[in-house]
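*Asks:* here's a sequence, model it:
(chains A and B)
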Amino acid sequence: MSAPSPHTHVEPAEARIAPKPRLRRFHQARWDEPLIFELTSPGERGVGVPVPDLPVPDLPPGLRRAEAPALPEMSQPHVLRHYLRLSQENLGVDLNVDIGQGTCTMKYSPKINDAFVRDPRISELHPLQDESTVQGVLEILYRLEGLLKEISGMDRVSLQPGAGSSAIYANVTMIRAYHAARGEGDQRDEVITTQFSHPTNAAAPKTAGYKVITLMPDADGYPDIEALKAAVGPRTAALLITNPEDTGIFNPRIEEFVRIVHEAGGLCCYDQANANGILGITRARDAGFDLCHFNLHKTFSTPHACGGPAAGASAVTEALAPFLPRPTVEFDGSRYHLDDDRPESVGKIRPFYGVVSNLVRAYAWIMALGAEGLRDVAETAVLNNNYLIHKVLQIKGVSLPYAQGRRRIEQARYSWEQLNADTGIHSEQIGYRVSDFGTHYWTSHHPYLVPEPMTLEPTESYSQADLDEYAAILAEVAREAYEDPETVRTAPHNGPIHQMKGESLDDPGTWAVTWRAYQRKLA
Amino acid sequence: MLAAIGAGSVEEFYADIPDAIRLHRPLDLPAPLRSEAELTRHMDDLLSRNTPARLSFLGAGCYRHHVPAVVEEVGNRSEFLTAYAGEPYEDHGRFQALWEYQSLMGELLEMDVVNVPTYDGYQAAATALRMAGRVTGRRRLLVVGPVSPDKLSKIIDYVRPDHDVEVLDGPAGPFGWQAADLVVGADVAAVYIEAPNFHGVLDPALPLLADRAHAVGALLVVGCNPISLGAVAPPAAYGADIVCGDVQPLGIRMSYGGGNAGFIATRDEERLVREFPSRLFGVIPTAVEGEYGFGDVFYDRTSFAVREEGKEWVGTASALNGIMAGVYLALMGPQGMREIGETILALTRYAQDRLAEVPGVEAPNRDRVSFADFVLRFTGGRSAQEISALLLERGIQGGLVLSDSDALFCVTEIHTREDIDHLAAILQEIAQ
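*Replies:* The predicted structure follows:
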């Protein structure tokens, strides 16, 4: 064929495509999408409903709905299009180098595991089916408990908690039941935790009726052991402590902490939300703990789902086993069954047996890895973290407070205090600008004990090139903070929306949690 | 990478972990199934020992409904499924979808404030009651049964530090006591009742209760099944102050009881809003005209902001199930929700009437309206447990056995009149 090219002739030098720039020229989808209520088109509907030829019974006076609910009326393609646009205005782990969400262990969730839970032999099971028809799922739960017993060193596991905080609460209720059974329930009314443990380690015991004592870090960032000695006593019900803490620092005196609390008659409860770097390295039981919990949506790869459904696991020693949530899953050598006859049980933490879809995913994830694989996960996560620390600390204005010269485990809490002093730019503003490059960034839990904090956790899912990209983004934003602070101050520029204005969300006169409230107050 | 860091081996990073607590052996776990093929084979072997019921009459807090394909198309999107806690900028879609979920539920419930979902309906009920306790400063809670014994277990455990729970179910069992008998003392923080209740009954006394509670300064907390509310009046219409429940019926698969998300709704009153532990997303302007932003309303309520000084706690719960329930409500629209409510009411009525024609079978609540769940009483020679076993032999999963004679059956829009007639024919054989 020798048809003339429709394109303008260019010289070879002009036809060459230059290499990619060092940083991604990202722009997120910006659909400028209306609220779903603004998309209503009277008379349209998205799905049909069976309408049998049977009389509808008369409802008692006052129990018949007067007006149909004022939901939008939309065709199926319009509903789908709206939500697909919103999905494009959201960054899932699958789309980005998600190492800026420290404490959350953002790792890859293998797609094959999603296939198992979408199988009707999981998704269409009713929880009250005859046990003979659900032997497979009961075996999965039983086996997953066994895997987590070995990983934690504990004697018994409950998979009922709906997430990490729910598991902390479950552990607190078992602590409460344990002391009550020994006649010390009223006496032991205090729980001790640390500032760098997840906020729920303080909030759940408070909810369960305990007075909460929080240990502050010492000058090196370790929980203050002298403060612990001063705090323990006959009123101590338990110590709830995360290790490694959210700073990524492993508390090397953890056995001593446990001993001090045990000597005072208290129990020790290990928050293993940050277990990703210590799988197969060190276990809760080996450090002397009585209870621990795992977040299966963190360490064990179940997807984070915009903030759940997640799954939690509570693991305990034999002494706490009578108090486990009911039912437990038991195996008599030939059949699996649910044991609801547990008189000392704390009862139900949630409906039925747990977030089963995520329990299936976590089981499959562990089975695909085995012991060696789990250890590889831990070592890779820790290597990635220490490599990233090395890269990030080369950036002007950032530091890594506490435990100087000591290594971090799986994450690190940095400080932009110097950059803030030099430029006036805050950590949050850095985060907004980081999102312009197509990734996430998070500061830390409140209160900000580390000034201008940033918490990074590069799990095993990211390559050296991924880490280099993330560090390069941080370096660029820091450079901008010094040389072009207005660009940072006015970020984000490349996202679905622009900077939000005002304080209306804290004002009862202007906050609007629903379309109804919005129309009444602001429209 | 080690060279760049200046470390000799990965072992150096673990220097702070004392030798005494190191695990000096490999974990004792099954050999890994390294390929997807091996893993799939293993999982398929396990899954093959599960049999979803072809025809099931189980409900009792977990319901099989049709799940529109678009609900899962959205819920399975990587952008939503694998996202977590990004800022309201790069995760704008999650914030808008959850605000819209709150808003769609708000229309269904006729309430102005709905939370980002908590774990499940149990937690929603337990937290709603503690909210009522904080608002009133009172200790006593009245729970009008029948309530699921498991849910009651959760409620009693959860409110224990602040409240004593009195369960009004009557000495003669669930049928001996009527909500119309309710007397509310001046020390009561809240009255909790469900619509429909655990046995599926919509108590005709429900519209009387708000006045009785409010007369002594107590709140009325109502647990409800949201899929009923296109046809049944929302509790706010008869005076409920806090409404709660589980969105599982709205497009979430049963998944062996794991598909839950709890909702809590109130009027837009500061005294109520300040007691929510959950996140509440609100809409806020941006620098560009006509652009919506979203963020946390009154964040300083939460344990995220102030640890143990917050209201209970907040953490990862069930957000994606909320988004999916929102998609469900948008697909159904006002007409779909009305129709599904009426269809289930009609089938529940038909099932009770048809099955009660069978000798040896009674439907003791037939004089009242039931939604989805309904009680059958077997008065022939066989116990409810024996009937259940015989049904299973014939390929039917019967209802939840409540007692020697009673079982809680359930129908939804996926059942046909023929399914119910088939059940009647089988019971005709076995229930005498």
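
*Asks:* kindly check the end-to-end length of stretch B:111-121 for me.
*Replies:* 17 Å (C-alpha to C-alpha, to the nearest Å).

*Asks:* cool, and stretch A:388-397?
*Replies:* 16 Å.

*Asks:* which strands or helices does the longest strand anywhere in chain B pack on?
*Replies:* With secondary structure taken from DSSP state E, chain B has its longest strand at strand B:188-195. Under the contact definition 3 or more C-beta pairs under 8 Å, 6 or more residues apart in numbering or on different chains; DSSP states H and E, strand B:188-195 sits against helix B:121-136, strand B:140-144, helix B:206-215, strand B:219-224. (Glycine included, C-beta is placed from N, CA and C.)

*Asks:* pLDDT of stretch A:56-66, averaged?
*Replies:* What stretch A:56-66 shows for mean pLDDT is 96.

*Asks:* in that stretch, which residues are buried?
*Replies:* In terms of neighbour count (16 or more other C-beta atoms under 10 Å in any protein chain shown), stretch A:56-66 has its buried residues at A:Val56, A:Pro57, A:Leu59, A:Pro60, A:Leu63, A:Arg65.

*Asks:* between the helices and strands packed on strand B:188-195, which one is closest to chain A.
*Replies:* helix B:206-215 (3.4 Å; C-beta to the nearest C-beta).

*Asks:* quick one: check that closest one for contact with chain A.
*Replies:* Yes. Helix B:206-215 comes into contact with chain A (C-beta under 8 Å from any C-beta of the partner chain), by way of B:Leu206, B:Pro207.

*Asks:* starting at the chain centroid, how far to that helix?
*Replies:* In terms of C-alpha atoms, centre = their mean, to the nearest Å, the centre of helix B:206-215 is found 24 Å from the chain centre.

*Asks:* can you list contacts of that helix?
*Replies:* For helix B:206-215, the external contacting residues (C-beta atoms under 8 Å, 6 or more residues apart in numbering or on different chains) are A:60-63, B:144, B:179-180, B:182-184, B:188, B:190-191, B:193, B:195, B:219-220, B:222, B:235, B:238-241.

*Asks:* what about 7 Å?
*Replies:* A:62-63, B:179-180, B:182, B:184, B:191, B:193, B:195, B:219-220, B:238-240 (C-beta atoms under 7 Å, 6 or more residues apart in numbering or on different chains).

*Asks:* which part of the stretch 201-350 of chain A gets nearest to chain B, residue-wise?
*Replies:* For the stretch 201-350 of chain A, C-beta to the nearest C-beta, closest residue to chain B: A:Gly209, 3.0 Å.

*Asks:* could you point out the longest helix in chain B?
*Replies:* helix B:319-356 (DSSP state H).

*Asks:* flag every buried residue along it.
*Replies:* Using 16+ other C-beta under 10 Å as the burial criterion, the residues of helix B:319-356 that qualify are B:319-352, B:354-356.

*Asks:* out of the residues you listed, who's near chain A?
*Replies:* B:319-321, B:323, B:327, B:329-340, B:342-343, B:345-347, B:349-350 (C-beta under 7 Å from any C-beta of the partner chain).

*Asks:* ok so, going back, show the contacting residues for the residue of the stretch 201-350 of chain A closest to chain B.
*Replies:* So A:Gly209 contacts B:Pro161 (C-beta under 7 Å, 6+ apart).
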